[in-house]
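1. sequence isn't available, so here's the structure alone:
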């Protein structure tokens, strides 16, 4: 009887403890929150740096400053949190993102879900709801941030340590490892840009990281063109490949074509084109998002007084756009032919 009562309570509160609700709905929404804050903020900041218009720099600063709250509110929205819970998640997102360090987005994902569900559970259960609901939501979030966000950040930093280890390898192996790993991180709810920034990932390693990110974004954009047409091409190609996370969870095999592409473009970047990222390290983890990665490479060339040749431009274009746009759909055609990918598997909601 008690178990049935608990199930009825969860149903009443719309608390659906399921993989779909958390790993598809919430994760997909979080990707949009991240794009609407940190990623757009980085684009605006880069635009300000290139054009020397301070207003863009200020816009970017403000946008990046609210990345944690933006992600948390997006998650709460996906979980159908009532208004008081949704607004309280602003503080939760800020605490989790700040204390999570480089793994902030992952910390926000975990902690915001738990806090939102606690808030939903107590929402409108008392006559002083306006006090109780925000208090419980914020208290749960901040306490969890204090208790576990740091360790979530440490776990995310292990990924960064592996990437740093890869940079010490020979260029060919480093190109594969860094490109594949950073590309995967870009698509997961972890900030590849923040990790690259924290590690100071520049030079050849930064070039390999850029290659992996471009392979994910441009690769998914063209791999899914049949399902998502031009809107999907733009949202993934210069937006974020995180939009495909819900589909990846449903059918992980769809991720393989872009991973294979990144394993090819990575060593091409380091060994053939000698592509280096000597702009801001955060640009190494941005890929084609707002073309920040490409602007970072060019900015590095200019700042270092490099004589930019045709081979440099061709290399940047090939690694960033041409090879992922051509190679990934070809691999995808093979996957579709043997039945590993079906129509609709890559459709964005």
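-> Structure received. In this text, all values refer to a predicted model and were calculated from it rather than measured experimentally.

2. contacts and neighbour counts: CA atoms only from here.
-> Fine.

3. so what's the residue lying closest to residue 225 once chain neighbours are set aside up against?
-> With Cα to Cα, 6 or more residues apart in numbering as the criterion, residue 225 has its nearest non-adjacent residue at 6.3 Å, and that residue is residue 233. Counting by Cα atoms under 8 Å, 6 or more residues apart in numbering, residue 233 makes contact with 218, 221, 222, 224, 225.

4. the first one reaches residue 318, doesn't it?
-> No: distance between residue 218 and residue 318: 11.6 Å, which falls outside the contact criterion (Cα atoms under 8 Å).

5. the two: which is more packed in?
-> The neighbour comparison of residue 218 against residue 318 (other Cα atoms under 10 Å) goes to residue 218, with 31 against 18.

6. chain neighbours aside, what residue packs nearest to the more buried one?
-> Nearest non-adjacent residue to residue 218, counting by Cα to Cα, 6+ apart: residue 237, 4.7 Å away.

7. same check, this time on residue 323
-> Leaving aside its sequence neighbours, residue 323 sits nearest to residue 265 (Cα to Cα, 6+ apart; 7.4 Å).

8. quick check: the one you found vs residue 19, distance?
-> Distance from residue 265 to residue 19, counting by Cα to Cα, to the nearest Å: 33 Å.

9. more neighbours, those two?
-> A count of neighbours by other Cα under 10 Å puts residue 265 above the other of residue 265 and residue 19, at 29 against 12.

10. quick one on the thing from earlier: so what's the residue nearest to residue 323 up against?
-> By Cα under 8 Å, 6+ apart, residue 265 lies in contact with 175, 176, 179, 208, 211, 212, 215, 319, 323, 324.

11. okay, these in CSV with pLDDT and neighbour count next?
-> What follows is the contacts of residue 265, written out as CSV (pLDDT from 0 to 100; neighbours: other Cα atoms under 10 Å):
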residue, pLDDT, neighbour count
175, 91, 31
176, 94, 27
179, 95, 35
208, 95, 42
211, 96, 41
212, 96, 41
215, 96, 39
319, 97, 26
323, 97, 20
324, 96, 30
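
12. how about the helices in the stretch 201-349 of the chain?
-> 203-223, 225-237, 245-250, 256-267, 292-303, 310-317, 323-337 (DSSP state H, counting those that start in this stretch).

13. contact partners of the last one?
-> Taking Cα under 8 Å, 6+ apart as the criterion, the residues outside helix 323-337 that touch it are 214-215, 218-223, 257-258, 261-262, 265, 341-342.

14. can you tell me which of those residues has the most neighbours?
-> residue 215 (39 neighbours).

15. which residues touch that one?
-> Contact partners of residue 215, counting by Cα under 8 Å, 6+ apart, are 183, 258, 259, 261, 262, 265, 320, 324.

16. spatially, which two of the residues you listed are the most separated?
-> Spanning the widest gap among those are 259 and 320, at 14.5 Å by Cα to Cα.

17. more neighbours: those two, which one.
-> Between residue 259 and residue 320, counting by other Cα under 10 Å, residue 320 is the more crowded of the two (27 against 23).

18. just checking, the more buried one touches residue 211?
-> Yes: under the criterion of Cα under 8 Å, residue 320 makes contact with residue 211 at 6.2 Å.

19. list residues touching both of the two?
-> Shared contacts of residue 320 and residue 211, defined by Cα under 8 Å, 6+ apart, are found at residue 287.

20. per-residue confidence for residue 273?
-> Looking at residue 273, its pLDDT stands at 94.

21. same question for residue 160.
-> 63.

22. what's the answer for residue 82, then?
-> Reading off the model, residue 82 has pLDDT 95.

23. and the residue lying closest to it once chain neighbours are set aside, what is it in contact with?
-> In this structure, residue 82 finds its nearest non-sequential neighbour in residue 120, 7.0 Å apart by Cα to Cα, 6+ apart. By Cα under 8 Å, 6+ apart, residue 120 lies in contact with 13, 15, 81, 82, 85, 133.

24. what's the answer for residue 10, then?
-> Counting by Cα under 8 Å, 6+ apart, residue 10 makes contact with 16, 121.

25. what about it, distance to residue 87?
-> Distance from residue 10 to residue 87, by Cα to Cα: 21 Å.

26. equivalent analysis for residue 175, please.
-> Relative to residue 87, and taking Cα to Cα, residue 175 is found at 43 Å.

27. quick revisit: ok, the residue nearest to residue 218 - how many residues close by?
-> 27.

28. check residue 290 too.
-> Quick note: residue 290 (other Cα under 10 Å) scores 20 neighbours.

29. equivalent analysis for residue 249, please.
-> Using other Cα under 10 Å, residue 249 has 15 neighbouring residues.

30. then residue 314?
-> 13.

31. just say which of the helices of the stretch 201-349 of the chain is most tucked in.
-> helix 203-223 (a mean of 33; mean count of other Cα atoms under 10 Å).
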